[in-house]
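Visitor: Okay, sequence plus prediction incoming.
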Amino acid sequence: GTGSQTAFTLSRTVASINDIQVTVNNVVQQPNDAYTISGTTLTMTSAPSAGTNNVYVRYLSTTTQAITPSQNTVSWNTLDSNIQQDLGVMFKNRIINGNMVIDQRNAGASVTPTNGQYTLDRFAISIGGGETGKLSIQQNAGSVTPPAGFTNYLGVTSLSAYTVPTANWFSLLHEIEGLNVGDLAWGTANAKTITLSFWVRSSLTGTFGGALNNSGNSRNYPYSYTISAANTWEYKTVTIAGDTTGTWLTTNGIGIQVGFALGAGTTESGTAGAWTATRAFSATGATSVVGTNGATWYITGVMLEVGTQATTFTTAGGSYGTELALCQRYYQTINGGIGIAYDSSSMSFSVPYKVTMRAAPTASLPSGTIVTDRAGSGSFTSSGASIGGSNIQTNAASLNVTGWSGLSVGWAPLIWQSAAWVNFSAEL
């Protein structure tokens, strides 16, 4: 105060006198008696004594000013990142495991995949032409620091300098189930625009490509993006107008195929930025990762959402547990169980799944060796175990497994091992 000043201008409009508290020389003043408020003007009944920082105004209400923005003046980009996060909705991201955290099959180990092989959960490699040994894929390959906010990424390393034939391709593929994209209304006049966003890093620079395809590969949208600096994480967004024609499944089949090209021949590439009634896996002229021996290409934070704006990344499920369950709809492993011996070498197992699967899965044994234990009788280890007759449904399976010796009919040994003894796959 100055000793004579009674009117003070506040930094914001106050709706009610009860929304603030005024202190002078550390003494709380009584509203209406000691001061009044009008808009941004605080008027004291008597002038506070002269001093530095001896008059304080504390805002008590969370709403001190109501603002009605003009039409079309608020967009996603005008909101700060915290508000964007708060407004996030469950499953706005149609990509499952887009942060590359879940790796049920390989637990972080490097693989040299063949066509159709899944690497990290929900991400498979598509190779046209049947080539093998041209690249490896690993969670956190090269052990570089991921972008801020992420702990994992999918890493591709080229194993040779390979020239992709004109009709062949290499593509990292994420297939979205039709039940998860039915609201997009693709194939109709009401088709919604989507935005694909991701973080990418490569030892190469230039224009890279990818493509979206329908289940029958009869509708295709090639896209491109540019990597400007080698070995540097860069954030990319691609906005795509929804396709108003073609057949787009809204069942438990393939709804949308989202591909990231690692190399494609000329006949499997197309002009970026337009829907066509053909098949393509990349944009024409895109950089080939497999064309340079030792080249690296890393990706994380993949999100596909409705709208023209790329928003703050969220996983499809919103938490690790939910994201894992979403992955297990397509692939899951079983570590334990109890069987009933029905002859000296075979047992029948009733196996409930962790979550209901997309479709009746395929069961496979990762090893011919299965260790079981029966109290009082010791352990029994199979040799060359295999699945005989079975009844496999979407929520449970009954498996007849052979490969033991010395069992007695009616015994009920437990499976007693840390590693998975049976895998179930219902991938698209």
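Guide: All right, it came through fine.

Visitor: dump the residue contacts of residue 365.
Guide: 385, 386, 387, 401, 421, 422, 423 (CB atoms under 8 Å, 6 or more residues apart in numbering). Using the backbone N, CA and C atoms, a C-beta is placed for each residue, glycine as well.

Visitor: roughly how far apart are it and residue 109?
Guide: For residue 365, the distance to residue 109 (CB to CB, to the nearest Å) stands at 19 Å.

Visitor: what about residue 287, which SS state?
Guide: With DSSP: H, G, I helix; E, B strand; the rest coil as the basis, the three-state label of residue 287 is coil.

Visitor: Use 532 as the first number from now on
Guide: Okay, residue one is now 532; in that scheme the one you just asked about reads as residue 818.

Visitor: quick revisit: buried only: go through the contacts of residue 896 for me.
Guide: Neighbour counting with 16 or more other CB atoms under 10 Å marks 916, 918, 932, 952, 953, 954 as buried within these.

Visitor: Quickly find the element holding the third one.
Guide: When you say that, I think you mean residue 932. Per DSSP states H and E: residue 932 is located in strand 927-933.

Visitor: Tell me the strands beside that strand, with direction?
Guide: Using DSSP bridges, the strands paired with strand 927-933 are strand 877-883 (antiparallel), strand 917-923 (antiparallel).

Visitor: buried stuff in the first one?
Guide: Residues of strand 877-883 classed as buried under the neighbour-count rule (16+ other CB under 10 Å) are 877, 878, 880, 882.

Visitor: Also stretch 835-848?
Guide: 835, 836, 837, 841, 842, 843, 844, 845, 846, 847, 848.

Visitor: pretty sure the fourth one is touching residue 729, no?
Guide: It refers to residue 841. No - contact between residue 841 and residue 729 fails when scored by CB atoms under 8 Å: they sit 9.3 Å apart.

Visitor: what is in contact with the two at once?
Guide: With CB under 8 Å, 6+ apart as the test, residue 841 and residue 729 both reach residue 834.

Visitor: Go through the strands paired with strand 927-933 and name the closest to residue 909.
Guide: Of all the strands paired with strand 927-933, strand 877-883 sits nearest to residue 909, with 15.5 Å by CB to CB.

Visitor: contacting residues around that closest one?
Guide: Residues outside strand 877-883 that contact it (CB under 8 Å, 6+ apart) are 865, 868-873, 903, 919, 926-935, 938, 944, 946, 953.

Visitor: Quick one: buried ones out of those residues?
Guide: Members of those classed as buried by 16+ other CB under 10 Å are 865, 868, 870, 872, 903, 928, 930-932, 934-935, 938, 944, 946, 953.

Visitor: can you give me the helices in the chain?
Guide: Ranges of helices within the chain are 612-617, 851-859, based on DSSP state H.

Visitor: returning to that earlier point: so which of the buried ones among the contacts of strand 877-883 is the closest to residue 716?
Guide: residue 928 (35.9 Å).

Visitor: Let me know the pLDDT of the nearest residue to that closest one once chain neighbours are set aside.
Guide: Nearest residue to residue 928, sequence neighbours excluded (CB to CB, 6 or more residues apart in numbering): residue 882, at 4.7 Å. pLDDT recorded at residue 882 is 95.

Visitor: what about residue 898, how many neighbours?
Guide: 14 (other CB atoms under 10 Å).

Visitor: Poorly predicted segments of this structure, please.
Guide: For the chain, the stretches flagged by pLDDT under 70 are 592-599, 602-621.

Visitor: please redo it, this time with the cut-off set to 80
Guide: 592-621, 906-907, 947-948 (pLDDT under 80).

Visitor: Tell me which residue is most central in it.
Guide: Nearest to the geometric centre of the chain sits residue 629, at 2.3 Å (CA atoms, centre = their mean).

Visitor: just checking, that residue touches residue 833?
Guide: Yes - at 3.9 Å, residue 629 and residue 833 qualify as touching, with contact defined as CB under 8 Å.

Visitor: between the two, what contacts are shared?
Guide: Taking CB under 8 Å, 6+ apart as the contact rule, residue 629 and residue 833 both touch residue 729.
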